[in-house]
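Novice: Everything below, folded, please.
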Amino acid sequence: MTNKRNDDVSHSGHRLRLTELIAKSGIENVSNVQAVEYFLTYIIPRGDVNPLAHRLLDKFENFGNIIDASENELMQVKGINKRSASKIKLFSELMFYYSSSKMDKKLNLNDAQEFLNFVEELLRFQSTEHLIIFAFDVSFNFINKKVIDRKSVDQVGIEPYELLNFVTSTNPKHLVVAHNHPGGTAYASQNDYDAQKFIENLITMLNADLIDSLIVGKDGIYSQNNHIFVRKFAFVEDIINFTENNK
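Specialist: Sure, this is the predicted structure:
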């Protein structure tokens, strides 16, 4: 019979060694299995999670796909229950919160490129659709932001009371809306223009103006107001072609 206490001590020692290895080498310099295993130590407090790390990578191929998987998909893997699947999904929420909070107070619309950097960081690699409303004061300094809806892959819902509550509580002069098309082009659809018009009509009554509505897709960031890409994303083939043409 296996001694559970000895097992716990052994696994605890392994976790400590793994932590020390990553602290010394950096998580980017360890194997995919070790990186996922280390992440799982935060999800599952005790036991050997190495076999589970292997099973997750076998199914999802990489760490990003694990984080982006749905709870139901995660629970198809032996060793992942409802609680651990929920914790894994919450990790992506934490990372979104981290990314969105670290630059909030620095934002000013007069630095357009810095603002686009921020929008790209928040939305470019999201696997589900997000819509964010950014509020700015009369001098274009950032005040606050509001995520309207992040529940559907296919569409973003805008509830009037949520938008009105946000605008009345922050009292902005200017707003910018940004949302993403996961895996798709950034070109605006008719639904995007309808949503933009809806927001404009609503906030005009509150003495605020909509400066632009931005869409982040796999090909870049598109401005609905100007009907142009304000930023294009390079693909691997673009980089290769650029290198070949400039030899």
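Novice: I'd like the distance between the closest residue to residue 62 other than its chain neighbours and residue 121.
Specialist: Spatially, and ignoring its direct neighbours in sequence, residue 62 is nearest to residue 32 (6.7 Å; Cβ to Cβ, 6 or more residues apart in numbering). In this view, the C-beta of every residue, glycine as well, is placed from N, C-alpha and C. Distance of residue 32 to residue 121, given as Cβ to Cβ, to the nearest Å: 23 Å.
Novice: Show the backbone phi and psi for residue 181.
Specialist: phi -110, psi 90 (degrees, to the nearest 10).
Novice: Break down the protein into its helices, ranges please.
Specialist: Assigned by DSSP state H, the helices in the chain fall at 4-25, 32-43, 50-60, 63-68, 71-74, 82-101, 112-123, 160-170, 190-204, 236-245.
Novice: Out of these, which is closest to residue 219?
Specialist: Nearest to residue 219 among those is helix 236-245 (10.4 Å), distances taken as Cβ to Cβ.
Novice: what does the average pLDDT come to for that closest one?
Specialist: Here helix 236-245 scores 50 as its mean pLDDT.
Novice: Domain-wise, how is the chain divided?
Specialist: Following automatic domain parsing, the chain resolves into domains at 4-97, 103-236.
Novice: could the helices of the chain be laid out in a markdown table, adding distance to residue 142 and mean neighbour count?
Specialist: Shown next, in a markdown table, are the helices of the chain (distance: least, Cβ to Cβ, whole Å; neighbours: other Cβ atoms under 10 Å):
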| stretch | distance to residue 142 | mean neighbour count |
| --- | --- | --- |
| helix 4-25 | 34 | 12 |
| helix 32-43 | 31 | 18 |
| helix 50-60 | 36 | 17 |
| helix 63-68 | 27 | 16 |
| helix 71-74 | 33 | 15 |
| helix 82-101 | 11 | 14 |
| helix 112-123 | 9 | 17 |
| helix 160-170 | 10 | 14 |
| helix 190-204 | 17 | 15 |
| helix 236-245 | 32 | 9 |
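Novice: what would those look like in JSON lines with distance to residue 143?
Specialist: Output for the helices of the chain, formatted as JSON lines (distance: least, Cβ to Cβ, whole Å):
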{"stretch": "helix 4-25", "distance to residue 143": "38"}
{"stretch": "helix 32-43", "distance to residue 143": "33"}
{"stretch": "helix 50-60", "distance to residue 143": "39"}
{"stretch": "helix 63-68", "distance to residue 143": "30"}
{"stretch": "helix 71-74", "distance to residue 143": "34"}
{"stretch": "helix 82-101", "distance to residue 143": "14"}
{"stretch": "helix 112-123", "distance to residue 143": "14"}
{"stretch": "helix 160-170", "distance to residue 143": "5"}
{"stretch": "helix 190-204", "distance to residue 143": "14"}
{"stretch": "helix 236-245", "distance to residue 143": "37"}
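Novice: Out of these, which gets nearest to residue 176?
Specialist: helix 112-123 (7.7 Å).
Novice: Packing partners of the closest one?
Specialist: When contacts are defined as 3 or more Cβ pairs under 8 Å, 6 or more residues apart in numbering; DSSP states H and E, helix 112-123 sits against helix 82-101, strand 174-180, strand 209-217, strand 220-223, strand 228-232.
Novice: Could you pull up the residues touching residue 225?
Specialist: 211-213 (Cβ atoms under 8 Å, 6 or more residues apart in numbering).
Novice: Check what pLDDT it gets.
Specialist: What the model reports for residue 225 is a pLDDT of 95.
Novice: With residue 101 instead?
Specialist: With respect to pLDDT, residue 101 scores 71.
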